[in-house]
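Fold the following, please.
(chains A and B)
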2 protein chains.
Amino acid sequence: MNVLIVHAHNEPQSFSTALYQLAEETLRGQGHEVQVSDLYAMNWNPVASAADFGARANPEYLVYALEQREGAKAKTIAADIQAELDKLLWADLVIFNFPIYWFSAPAILKGWFDRVLVSGVCYGGKRFYDQGGLAGKKALVSVTLGGRDHMFGDGAIHGPLEDMLRPILRGTLAYTGMSVLPPFVAWHVPYISNDARQDFLRQYQDRLHNLENDQPLEFVRLEQFDERLYPLPR
Amino acid sequence: MNVLIVHAHNEPQSFSTALYQLAEETLRGQGHEVQVSDLYAMNWNPVASAADFGARANPEYLVYALEQREGAKAKTIAADIQAELDKLLWADLVIFNFPIYWFSAPAILKGWFDRVLVSGVCYGGKRFYDQGGLAGKKALVSVTLGGRDHMFGDGAIHGPLEDMLRPILRGTLAYTGMSVLPPFVAWHVPYISNDARQDFLRQYQDRLHNLENDQPLEFVRLEQFDERLYPLPR
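Numbers count the residues shown, from 1 in each chain, chains lettered A, B, ... in the order given. Modelled structure (predicted):
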């Protein structure tokens, strides 16, 4: 497999870093090719703007997705975006490794989604969900957070973590056609002992050794909807 | 009322811009004070990093929320953050005006949440949800998107929009104690006629004229949970 790890933590010594490095080592040890995009180390620009396009289909009025489509076709999209898009298209598995900020991804990673998941390549027209441009690839979200696991789930104070991660798991990764594996979650990380951290690393290594047996999360399929995307009777 | 509008669109002529300008005019016309943070125009930096702290509680290892707490107390937090935090604390109503990117906020706005909603001021310890540091303020999310309204809701292809916006509405705005009004949504904006856009502007103006009658969305309250944040029996 070709594996891309997209990592987004502002402390190089963080436990989140240990997780991505473990994934890199483990997957290389299994004979996979691994590339890493360490967004903080790369000084990644997360701001989707007119500067992302070397030529403009419409120089008077910016419709970002339209310029993505034209720019990707003409290869005039910004070099930093093209480099990430090339890695993404090369990958069979993409791991997104980050600390939860506001029940979501840090802005530097949100801006990777905004800029790299280019319209016309990753999605567009009727190519989304199971028909998305990245169909055939797997995605694994690997997160650290401050909360305890009993604060998440049905009836818990924050509700299910997967509901909070819905715009990423369903709205972004599944939307582009990727098979989304259940997230790996390390809870309460800033407050736990070194032993507890080692336990999470062992759990993660087990997950990584058995990824091919992981059942992806289930989402809608386009065949359940008509031409105008109204639901068909079941 | 003091009103802060946080606006995040990369095209100054966009319909999203028309929405925020309408809000600014309408609310000023009602005698309210209005400040605008136009994040693209400000060249806002959305990346939470060590550079955000003039002094460090722990220079060896960055725990972003810890440095926020210490930096806000000591007033050594970056000037761009402090300026936004001052506006936020001044405001009685905050309007977040943006186009939906990946069923969420553009990265430039996500990074406003990451950097400005400072731990120790906006939340911290047991100060969250109805006990949050921003309790007493109202928040209104005003969004444009490409999808049609029949693509959202129970049974629809993307499910309810409010479920996709959950990390923002509940996980961010309600978490910090704000009363979150139902979002204002302009559907299918890139594809609709000028008349249809004028209709949305009229609808939005009506909303703005009647904001005091809007019922906030309901979320959990801390009194429903015990000391360790396990749910209490009902």
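
switch to C-alpha atoms for all contacts and neighbour counts from now on
Noted.

Tell me which helix or strand the residue nearest the centre of chain A sits in.
Central residue of chain A (C-alpha atoms, centre = their mean): A:Phe96, 4.6 Å from the mean position. Counting by DSSP states H and E, the element that carries A:Phe96 is strand A:93-99.

Which SSE is immediately downstream of that strand?
Once the chain leaves strand A:93-99, the next helix or strand it forms, by DSSP H and E, is helix A:107-116.

Quickly check: that following helix near chain B or not.
Yes: using C-alpha under 8 Å from any C-alpha of the partner chain, helix A:107-116 reaches chain B at A:107-111, A:113-114.

Dump these to a markdown table, plus neighbour count.
What follows is the residues of helix A:107-116 next to chain B, written out as a markdown table (neighbours: other C-alpha atoms under 10 Å in any protein chain shown):
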| residue | neighbour count |
| --- | --- |
| A:Ala107 | 29 |
| A:Ile108 | 27 |
| A:Leu109 | 27 |
| A:Lys110 | 25 |
| A:Gly111 | 26 |
| A:Phe113 | 21 |
| A:Asp114 | 22 |
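
now, which of those residues sits nearest A:Gln198?
A:Gln198 has its nearest neighbour among the residues of helix A:107-116 next to chain B in A:Leu109, at 25.9 Å by C-alpha to C-alpha.

OK, contacts around that closest one?
By C-alpha atoms under 8 Å, 6 or more residues apart in numbering or on different chains, A:Leu109 lies in contact with A:8, A:39, A:46, B:107.

rewinding a little: centre of the chain to the strand holding A:Phe96, how far?
Here the centre of strand A:93-99 is set off from its chain's centre by 6 Å, with C-alpha atoms, centre = their mean, to the nearest Å.

Same question for stretch A:2-11.
Its chain's C-alpha centre and that of stretch A:2-11 lie 10 Å apart, by C-alpha atoms, centre = their mean.

what about chain A, any weak spots by pLDDT?
For chain A, no stretch is flagged by pLDDT under 70.

does any part of the strand holding A:Phe96 sit near chain B?
No: applying C-alpha under 8 Å from any C-alpha, one finds strand A:93-99 separated from chain B by no less than 10.8 Å.

I'd like to check what contacts that strand. Which residues are they?
By C-alpha under 8 Å, 6+ apart, strand A:93-99 touches A:1-9, A:16, A:19-20, A:88, A:105-106, A:137-145.

hang on, A:Arg166 packs against B:Met164?
Yes: with contacts counted by C-alpha atoms under 8 Å, A:Arg166 reaches B:Met164, the gap being 6.1 Å.

Where neighbours are concerned, which of the contacts of A:Leu109 has the most?
Neighbour tally across the contacts of A:Leu109 (other C-alpha atoms under 10 Å in any protein chain shown): the maximum, 29 neighbours, falls on B:Ala107.

For that residue, list the residues it contacts.
By C-alpha under 8 Å, 6+ apart, the neighbours of B:Ala107 are A:46-48, A:107-111, A:114, B:46.

go on, A:His9?
A:16-17, A:39-40, A:98-99.

Specify the angle between the strand holding A:Phe96 and helix A:107-116 in degrees.
Orientation check (axes from the mean of the first three to the mean of the last three C-alpha atoms, to 10 degrees): strand A:93-99 against helix A:107-116 gives 150 degrees.

hang on, A:Leu85 packs against A:Asp114?
No: using C-alpha under 8 Å, A:Leu85 is not in contact with A:Asp114, being 11.8 Å away.

for the residue nearest to A:Arg221 when sequence neighbours are not counted, helix, strand, or coil?
Among residues not flanking A:Arg221 along the chain, A:Asp130 sits closest, at 5.6 Å (C-alpha to C-alpha, 6 or more residues apart in numbering or on different chains). Recorded secondary structure, A:Asp130: helix (DSSP: H, G, I helix; E, B strand; the rest coil).

So A:Asp130 is in contact with A:Leu173, correct?
No: when contacts are counted by C-alpha under 8 Å, A:Asp130 is not listed as touching A:Leu173 (10.5 Å).

From A:Leu19, how far out is A:Ile108?
18 Å (C-alpha to C-alpha, to the nearest Å).

What about A:Trp195? Give its phi and psi, please.
For residue A:195 the amino acid is Asp, not Trp. The phi and psi torsions at A:Asp195 (degrees, to the nearest 10) take the values phi -60, psi -40.

residues near it, how many?
As a burial measure, A:Asp195 scores 9 neighbours (other C-alpha under 10 Å).

Chain A: strands as residue ranges?
For chain A, strands defined by DSSP state E occupy the ranges A:2-7, A:33-38, A:93-99, A:138-144, A:179-180, A:184-186.

and A:Arg221, what is it in contact with?
Contacts of A:Arg221 (C-alpha under 8 Å, 6+ apart): A:129-131.

same deal with A:Asp114?
A:Asp114 makes contact with A:46-48, B:101-102, B:106-107, according to C-alpha under 8 Å, 6+ apart.

ok, the residues you listed vs A:Leu181, which is closest?
For the contacts of A:Asp114, the residue nearest A:Leu181 by C-alpha to C-alpha is B:Trp102; the value is 18.8 Å.

mind checking how far the closest one is from A:Glu218?
Distance, B:Trp102 to A:Glu218, by C-alpha to C-alpha: 19 Å.

neighbour-wise, which of these two wins?
Counted by other C-alpha under 10 Å, B:Trp102 and A:Glu218 do not tie: B:Trp102 has more neighbours, with 20 against 12.

Tally up the residues packed near the residue lying closest to the more buried one once chain neighbours are set aside, please.
Of all residues not flanking B:Trp102 in the chain, A:Thr172 sits nearest, at 5.7 Å (C-alpha to C-alpha, 6+ apart). Other residues within reach of A:Thr172 by the criterion other C-alpha under 10 Å amount to 21.

Relative to A:Tyr64, how far out is A:Thr172?
Per C-alpha to C-alpha, A:Thr172 is found 17 Å from A:Tyr64.

circling back: adding distance to B:Leu181, write the contacts of A:His9 out as TSV.
As requested, the contacts of A:His9 are exported to TSV (distance: C-alpha to C-alpha, whole Å):
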residue	distance to B:Leu181
A:Ser16	35
A:Thr17	38
A:Leu39	35
A:Tyr40	35
A:Phe98	30
A:Pro99	28
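
just these now: which is nearest chain B?
Relative to chain B, the closest of those is A:Tyr40; by C-alpha to the nearest C-alpha it sits at 8.6 Å.

For that closest one, give its distance to B:Ala78.
Taking C-alpha to C-alpha, one finds A:Tyr40 at 18 Å from B:Ala78.
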